[in-house]
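Colleague: predicted structure and sequence below. I'll ask about it afterward.
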Amino acid sequence: MPRPKRPDNPMLQVARTHLLTLAPELWNARIHLLQLDGPPGSPRFAVSADMCCSIGSCSHHITDPNTCPVFACSQRRAIRILLSRKGDLIHVISDHLRWRK
């Protein structure tokens with residue numbers, strides 16, 4: 001008998017809502033949610049999403065944007081959102097860096 005599917009983290013829906021508001025062009029990008037540990041009042045969640053803007057004409061000759069080894073690429077649109085425990089927006093970083101490994 002297969003194991004029951006683990007339910008999604010409720011913070012993912014909050015992250016998708018913030019992402020849709022801040023960067024609607026990344027609505028179909030893969031979202032990465034990371035739970036942070038720190039002192040009281042610090043961000044509890046880091047949400048990152050990125051998407052390559054030029055999949056067919058990559059200057060680095062990468063065919064699959066999910067396996068791109070380039071850390072900082074001017075052809076990438078990326079955003080990192082820091083959220084509180086309640087889902088409140090603390091900080092937004094919008095750039096061209098890949099925030100995940």
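Modeller: Arrived safely, thanks for sending.
Colleague: please report the distance of S48 from D95.
Modeller: Going from S48 to D95 by Cβ to Cβ, to the nearest Å gives 11 Å. C-betas here are computed from N, CA, C, even on glycine.
Colleague: and what of S57?
Modeller: Distance, S57 to D95, by Cβ to Cβ: 21 Å.
Colleague: thinking again about what came up before, so which of S48 and D95 has more stuff around it?
Modeller: When S48 and D95 are compared on other Cβ atoms under 10 Å, the one with more neighbours turns out to be S48, at 21 against 13.
Colleague: ok, S57 - contacts?
Modeller: Residues near S57 by Cβ atoms under 8 Å, 6 or more residues apart in numbering: none.
Colleague: first-to-last residue distance for stretch 79-94?
Modeller: Using Cα to Cα, to the nearest Å, the end-to-end distance of stretch 79-94 comes out at 4 Å.
Colleague: repeat for stretch 35-51
Modeller: 22 Å.
Colleague: hey, what's the nearest residue to R16 once chain neighbours are set aside bridged with?
Modeller: Once flanking residues are discounted, R16 sits nearest to I31: 6.6 Å by Cβ to Cβ, 6 or more residues apart in numbering. I31 has these beta-bridge partners by DSSP bridges: A49.
Colleague: could you measure from I31 over to A46?
Modeller: As judged by Cβ to Cβ, I31 and A46 stand 11 Å apart.
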